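K.L.:
My questions concern the predicted model and sequence given below.
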Amino acid sequence: MAQAIISPHFCSPYPVDLGIIRQVLSGNFSVKDVNGNIVFKVKGAFLSLRERRVLVWESHCHSSKFKRSTHHRWEVYRGDSTDSRNLVFSVKKSSVVQLRTNLHVFLANNKGEYAPDFKVKGSWFEQSCVVYSGKSKSSNIFAEMHKKHTVTSVLFGKDNFMVTVYPGVDQALIVALIVILNEINFSDSDSGSGGG
């Protein structure tokens, strides 16, 4: 069972389905619960759309900031600071050359990074991904994402996805990982390295 990584407020004792809507032109995201209420927003930082993102919740009062520190590594911080004391976790590709994106997630206290705390397998372009436990030999699944096809998504230039977050798993962590997966896949396609 996972623990709260970003916020205990987003660890539910039951599975939670979230709708993730990506605005194609702006690259911003909104995340809604099954009742249509906005739970999270993910925005690009001013003048740095691809390099930094801010995950906002609870009426914009709380946030986590994430930024690309190297070409294939992202770091997620608590609050607005990017001070190393506020590092929550980092994400990197499991290898440089990949046919399908595999990410390794390391919590801030995992200094040696010998084994990832979580793994993300999938692709934004394949329209699916799975978040697993990184340390166990079994394949404990923490969340699964799949494409949601709607008429409005086609007409209004939005990518719609559904993610099921399993009990006890931090929903803010899962949303951050999905956005980072998107950023890594789009940066690979922009650079022509074909990481999706």
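P.N.:
That came through fine. Numbering: from 1, shown residues only.
K.L.:
Backbone dihedrals for residue 176, please?
P.N.:
Main-chain dihedrals, residue 176, degrees, to the nearest 10: phi -60, psi -40.
K.L.:
Offset the numbering so it begins at 25, please.
P.N.:
OK, 25 is where the count begins now, so the last one is residue 200.
K.L.:
could you measure it against residue 112, distance?
P.N.:
Here residue 200 is placed at a distance of 9 Å from residue 112 (Cβ to Cβ, to the nearest Å). (C-beta placed from N, C-alpha, C; glycine too.)
K.L.:
Residue 141 too?
P.N.:
Residue 141 is 11 Å from residue 112, by Cβ to Cβ.
K.L.:
wait, residue 187 sits on residue 45?
P.N.:
No - judged on Cβ atoms under 8 Å, residue 187 makes no contact with residue 45 at a distance of 11.6 Å.
K.L.:
hang on, the earlier thing: give me the more crowded residue out of residue 141 and residue 112.
P.N.:
residue 112 (21 against 18; other Cβ atoms under 10 Å).
K.L.:
Surely that one is in contact with residue 130?
P.N.:
No - Residue 112 is beyond contact range of residue 130, at 10.4 Å (criterion: Cβ under 8 Å).
K.L.:
okay, and the common contacts of those two?
P.N.:
Shared contacts of residue 112 and residue 130, defined by Cβ atoms under 8 Å, 6 or more residues apart in numbering, are absent.
K.L.:
who has more neighbours, residue 187 and residue 45?
P.N.:
residue 187 (22 against 19).
K.L.:
Once you drop chain neighbours, what's closest to the spatially most central residue of the chain?
P.N.:
The residue lying closest to the centre of the chain (Cα atoms, centre = their mean) is residue 201, at 1.9 Å. Of all residues not flanking residue 201 in the chain, residue 144 sits nearest, at 5.4 Å (Cβ to Cβ, 6 or more residues apart in numbering).
K.L.:
Helix or strand for the one you found, just tell me which one.
P.N.:
Assigned by DSSP states H and E, residue 144 falls within strand 142-147.
K.L.:
Quick check: neighbours of that strand in the sheet, parallel or antiparallel?
P.N.:
strand 126-131 (antiparallel), strand 152-157 (antiparallel) (DSSP bridges).
K.L.:
what residues does that strand touch?
P.N.:
115, 118, 124-129, 152-158, 166, 169, 197, 201, 205, 209, 220.
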